[in-house]
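[1] My questions are about this predicted structure, shown below with the sequence.
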Amino acid sequence: RALAAEQESSQISEFLLELFNVSNPEVARGEEITARQLLDEGARRIESELAGQPLLQARLMNTMGSAYRDLGVYEPSEELLRASLDRIAGREDEDPIFASNVNAGLAWLLTFLGRYDEAATHNLRSVEILRAHKTEYEGQISHHLANYSFTMLRAGNYELAEKLGREAYEIQSRVLDDNDPAKAVSLFHIGWALQGQMDYEGAEDYYLQALDLRLEAFGEDHPSVGWNLNNLGWLANQRGQYALSAERIHRALAVNRRLFDRIHPEIATNSHNLGVTYRNSGHYEVAAQLLERAVAMRRELLGDGHAWVAKALDHLARIELATGNASAAEARLLEALAVDDQGSREEIGWRRLHLAEALLAQGRLNEAHAEVSAAVADLEAAMPQGHWWIAQSRSVLGAVLTQMGRLDEAEDLLLDSFRTIDAVKQPGDIYAVDSLRRIVAFYEALGRPDEAASYRSLLDEELAAWRAQHEQVAFFANGAARRDLELEW
């Protein structure tokens, strides 16, 4: 078996050397065209030159499929990874680690493509193959459990994602050194899962533990450092800490620009998240430019019908709404709903909520009521009980009922929603500001000026904190963001 492995390794080396000699690329970071040409040539030659050697083909197909995936070229990546699996079908026990890794690599790709059920099937298979060998492969099992956790995070199943992340970390704590960077993946995923469940302090702690391990192992210029900084920035955004969010995500974007080509999923994600942060802090022009860039990149990378395109369209609609163009917001939201009509229930509910706000701004009360009622039902079914997204939807429902004159139904919705939002947000958060605006409007409509004045005082405090953040974020909006937008992409 050792001799066979040595011969196989030699054949792989010879194939790759010949490939490099034929293509003769100047291999360097950022030269996507050269790398793509090299991969295309290699994929073509695997079929013809290695016919009759399925295991050797499988290894090279997996290597090249993974390389395509890392370049953001997904169609040939999936074809090669599936072809690799086909060639080892029924022979997984000959090299369980390789068979497990191919399944895990395909799961990773399918997760990025938003095909979570398919991805989970391969995640589970990657673990099952190794668990058939009991404890021999515990380290690798923990790695694939962490990957499975990632798929569940993308799918919005935060409780299962946390469970899988903790299971992976428990194994790693037994079999790996204290400073092994592999542990950072599990810590990062636990943090992400806690963020999804609104445990923001817990999330920050796990993210920072993961970042410390990664910086110690890899330094600043590593993809995992970019991921970590991005999520820390998004966490700050969700807490209403917009200046901290901008600082962290700009740092992530700088890392990713040094590592990747101009059009890359991570750069699109950073642009998207910065756009949301700038929108929430009132810098609408810069926010719109960043989100438009994210839409264009995602369409080129993922196609027009991908969920991440719909997410960016949703946020662009909310800029239109914030700047008084409700009809344009409605059009964007209808496009987002059409793009991702099979999306997760919470995402559909979130978009229907924003559509209700656009309809309300146009005075179309019955349509707004139908949309916000559906949004509340979607979010209550999809999100953990007590999540602030649910509170936000109920707050908007209260605003719609206020405009419809159904005041007796609105008060509890508005007040309970504000308490939930205020409990998880920092001073100056835009959602707390909007929630208070609805309460003030309700008490004014009800003819109770004392209550209106009391909540207007709270609103003034929140607005003062929001304006302070607006000024702090201006440092980034007028500096790092402008410089980034001037770069050719």
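    Sure thing, it's come through.
[2] Longest helix in this structure, please.
    Longest helix in the chain by number of residues (criterion: DSSP state H): helix 449-477.
[3] taking the mean pLDDT, what do you get for whatever helix or strand comes next after that one?
    Proceeding N to C from helix 449-477, the next assigned helix or strand is helix 480-486, under DSSP states H and E. What helix 480-486 shows for mean pLDDT is 71.
[4] which strands and helices sit next to helix 480-486?
    Contacting helix 480-486 under the criterion 3 or more CB pairs under 8 Å, 6 or more residues apart in numbering; DSSP states H and E are the following elements: helix 242-259, helix 284-302. Using the backbone N, CA and C atoms, a C-beta is placed for each residue, glycine as well.
[5] quick one: the helix or strand just after the shortest one to helix 242-259, angle?
    This means helix 242-259. Moving toward the C-terminus from helix 242-259, the next helix or strand (DSSP H and E) is helix 265-280. Interaxial angle, helix 265-280 versus helix 242-259 (axes from the mean of the first three to the mean of the last three CA atoms, to 10 degrees): 160 degrees.
[6] Give the other helices and strands that helix 265-280 contacts.
    Secondary structure elements in contact with helix 265-280, counted by 3+ CB pairs under 8 Å, 6+ apart, are helix 223-238, helix 242-259, helix 284-302, helix 307-322, helix 449-477.
[7] Mind listing residues that contact the fourth one?
    Residues outside helix 307-322 that contact it (CB atoms under 8 Å, 6 or more residues apart in numbering) are 114, 268, 272, 275-276, 279, 282, 284, 287-288, 291-292, 294-295, 298-299, 302-303, 326, 328-333, 335-337, 339-340, 343-344, 347, 350-351, 354, 357-358, 361.
[8] Show me which of the residues you listed are buried.
    Neighbour counting over these (16 or more other CB atoms under 10 Å) leaves 114, 268, 272, 275-276, 279, 282, 284, 287-288, 291, 294-295, 298-299, 302, 326, 328-330, 332-333, 335-337, 339-340, 343-344, 347, 350-351, 354, 357-358, 361 as the buried ones.
[9] What segments of this protein are strands?
    Shown for the chain, no strands are assigned by DSSP state E.
[10] center of it - which residue?
    residue 154 (6.5 Å; CA atoms, centre = their mean).
[11] number of nearby residues for the closest residue to it other than its chain neighbours?
    Among residues not flanking residue 154 along the chain, residue 111 sits closest, at 5.2 Å (CB to CB, 6 or more residues apart in numbering). Residue 111: 23 surrounding residues under other CB atoms under 10 Å.
[12] so residue 111 sits right up against residue 117, yeah?
    No: assessed by CB atoms under 8 Å, residue 111 is found out of contact with residue 117, at 10.6 Å.
[13] The closest residue to residue 255 other than its chain neighbours: how many residues sit nearby?
    Leaving out its chain neighbours, the residue that sits closest to residue 255 by CB to CB, 6+ apart is residue 226, at 4.1 Å. Counted by other CB under 10 Å, the residues lying close to residue 226 total 27.
[14] How about the contacts made by residue 226?
    Residue 226 makes contact with 252-253, 255-256, 259, 266, 270, according to CB under 8 Å, 6+ apart.
[15] who wins for most neighbours among the residues you listed?
    Ranking those using other CB under 10 Å puts residue 270 first, with 28 neighbours.
[16] quick one: that one and residue 252 touch, right?
    Yes: between residue 270 and residue 252 there is a contact at 5.4 Å, judged by CB under 8 Å.
[17] Give me the common contacts of these two.
    Listed as contacting both residue 270 and residue 252 by CB under 8 Å, 6+ apart are 226, 230.
[18] any weak-confidence spans in the stretch 201-350 of the chain?
    Scanning the stretch 201-350 of the chain with the threshold set as pLDDT under 70 gives 341-342.
[19] can you rerun that using 80?
    Scanning the stretch 201-350 of the chain with the threshold set as pLDDT under 80 gives 261, 340-343.
[20] what separates residue 243 from residue 145, distance-wise?
    36 Å (CB to CB, to the nearest Å).
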